[in-house]
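Novice: take this sequence and fold it.
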Amino acid sequence: RLAEAGPVEDGLTEPDEGTMRTLLDGYVDAFTRADPDALVNLLRLDVELEMPPTPTWFTGRRAVVGFLADRVLRRGLWRLTPTRANGQPAFVVHRHAGDGRYEPYGVQVLTLVGSHIARITAFNDPSLVPTFGRTPTPTPTSTPAP
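Specialist: Here you go, the predicted structure:
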């Protein structure tokens, strides 16, 4: 009975390159546009969000998207630059600091299962950013003509 109730092998496989690219591009787009509805479609029902060393974590699509929508997602606030961490897809995160500048914020590591994101591990520690050697493209600013 346990074998019948256990996870389906297809649900445990890593996505192929095309699916992975679609997921990662969709995540960056939803996150930077602050679009929780777009984010919902990328996450597994049992997705988990953790932010070590903070002991708080969120489990389930509704809880994760609710937290992100209420406390994190703001249009124009974030820049995510793709990288890898421990063999997993990750993003170096920079936060808008004004004047077109973005300051280091941390690293997000995603665990992908099948065609969805199963876990988001957010290391909100700016000191990690230089390890990945990534900086965002500055936002173009208009300067008045002399």
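Novice: can you list the weak-confidence ranges in this protein?
Specialist: 1-13, 134-146 (pLDDT under 70).
Novice: buried stuff in the biggest strand by length in it?
Specialist: Secondary structure of the chain per DSSP state E: the longest strand is strand 101-113. Of the residues in strand 101-113, 102, 104-110, 112-113 count as buried by neighbour count, 16 or more other C-beta atoms under 10 Å. Yep, even glycine has a C-beta here, placed from its N, CA and C like the rest.
Novice: paired strands for the strand or helix carrying Glu48, with orientation please.
Specialist: If you go by DSSP states H and E, Glu48 is part of strand 43-50. Using DSSP bridges, strand 43-50 pairs in its sheet with strand 57-59 (antiparallel), strand 116-123 (parallel).
Novice: export that strand to PDB, keeping only CA atoms.
Specialist: Output in PDB follows, covering the C-alpha atoms of strand 43-50 (Å, rounded to 0.1, in the frame of the first residue of the first chain):
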ATOM      1  CA  LEU A  43       4.900  26.400  -8.100                       C
ATOM      2  CA  ARG A  44       4.000  22.900  -7.000                       C
ATOM      3  CA  LEU A  45       1.000  22.700  -4.700                       C
ATOM      4  CA  ASP A  46       3.400  21.600  -1.900                       C
ATOM      5  CA  VAL A  47       6.100  24.200  -2.600                       C
ATOM      6  CA  GLU A  48       8.200  25.300   0.300                       C
ATOM      7  CA  LEU A  49       9.900  28.600   1.000                       C
ATOM      8  CA  GLU A  50      12.700  28.900   3.600                       C
END
